[in-house]
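Enquirer: Starting from these lines, generate the structure:
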Amino acid sequence: MNTVLYYAHDPMCSWCWGFEETKKSLFSSLPKALAVHRLLGGLAADTDQPMPEDMQLHLQKTWQHIEEKIPGVKFNFDFWRLCQPRRSTYPACRAVIAARQQGSEYDEIMTAGIQRAYYQEARNPSDNETLIEIAEEIGLNAAHFRRDLHAAATEQSLAQEIRLSRKLQADSFPGLVLKIDDTSWPIAIDYLDASSMLELIEMLLENSK
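Expert: Residues are numbered from 1 along each chain as shown. The predicted model follows:
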């Protein structure tokens, strides 16, 4: 039996930031034999255009809603005053792929660095220079990172991960899909408690034996 738990996310997805602590609890409790595969779903394509004001207001309301819904989650709203927002998350996704080239552990480390910069330090991960600064802060080779950030292979990898996310129907983030052989099972996200997700995953695995 071939089993994989796919986690589809975007480093600039505010709900993914809200899910982070519950996700850590879930992943630490999973059966040891279950592989977890992280997928970059690609929330918003490249653009140089400023984010429209109505979208900015919508996202600020989303941040407020997440703070109200999930205890302990806080956003730095100075971002909307200090930065020029763009509806563009593909640069941050490419940054995670570029970071992986220097060690698989940097997938999560770079994601966390982007989230910290965006949600806590009011810095803009839609800007390549911000991403390069984060790479330096987490100990990556900045010259190699800069090269890989713009490499054709990085763009191809992102396109492949987006396609797989769509194929799994994990097209809203965060997304969890358990794949058992040729069958895929969506796992409903619980932002407050890992137990229901864990119980469903364990039940599906047990029923597939």
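
Enquirer: Okay, helices next: where are they in this structure?
Expert: For the chain, applying DSSP state H gives helices covering 14-29, 53-69, 79-82, 90-100, 106-115, 128-137, 142-149, 152-167, 195-207.

Enquirer: Taking helix 14-29 as reference, get the angle to the last one.
Expert: What it means is helix 195-207. Here helix 195-207 runs at an angle of 50 degrees relative to helix 14-29 (axes from the mean of the first three to the mean of the last three C-alpha atoms, to 10 degrees).

Enquirer: returning to that earlier point: quick one: which of the helices of the chain is nearest residue 173?
Expert: Relative to residue 173, the nearest member of the helices of the chain by C-beta to C-beta is helix 14-29, separated by 5.6 Å. C-beta here means a position set from N, CA and C on the backbone, and glycine is covered the same way.

Enquirer: Return the distance of the closest one from the chain's centre.
Expert: Distance, stretch centre to chain centre, for helix 14-29: 10 Å (C-alpha atoms, centre = their mean, to the nearest Å).

Enquirer: Run the angle between it and helix 106-115 for me.
Expert: 140 degrees.

Enquirer: Let the chain start at 2 from now.
Expert: From this message on, residue numbering opens at 2, which makes the last subject helix 15-30.

Enquirer: Contacts for helix 15-30 next, please.
Expert: Residues outside helix 15-30 that contact it (C-beta atoms under 8 Å, 6 or more residues apart in numbering): 8, 10-11, 37, 60, 63-64, 67, 70-71, 73-74, 76, 116, 119-120, 174-175, 190-195, 198-199.

Enquirer: buried sites along that helix?
Expert: 15-24, 27 (16 or more other C-beta atoms under 10 Å).

Enquirer: Now render these as a markdown table, adding pLDDT.
Expert: Below are the buried residues of helix 15-30 laid out as a markdown table (pLDDT from 0 to 100):
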| residue | pLDDT |
| --- | --- |
| 15 | 98 |
| 16 | 98 |
| 17 | 98 |
| 18 | 97 |
| 19 | 98 |
| 20 | 98 |
| 21 | 97 |
| 22 | 97 |
| 23 | 98 |
| 24 | 98 |
| 27 | 98 |
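
Enquirer: my guess is residue 126 contacts residue 97, does it?
Expert: No. Counting by C-beta atoms under 8 Å, residue 126 does not reach residue 97; the two are 10.3 Å apart.
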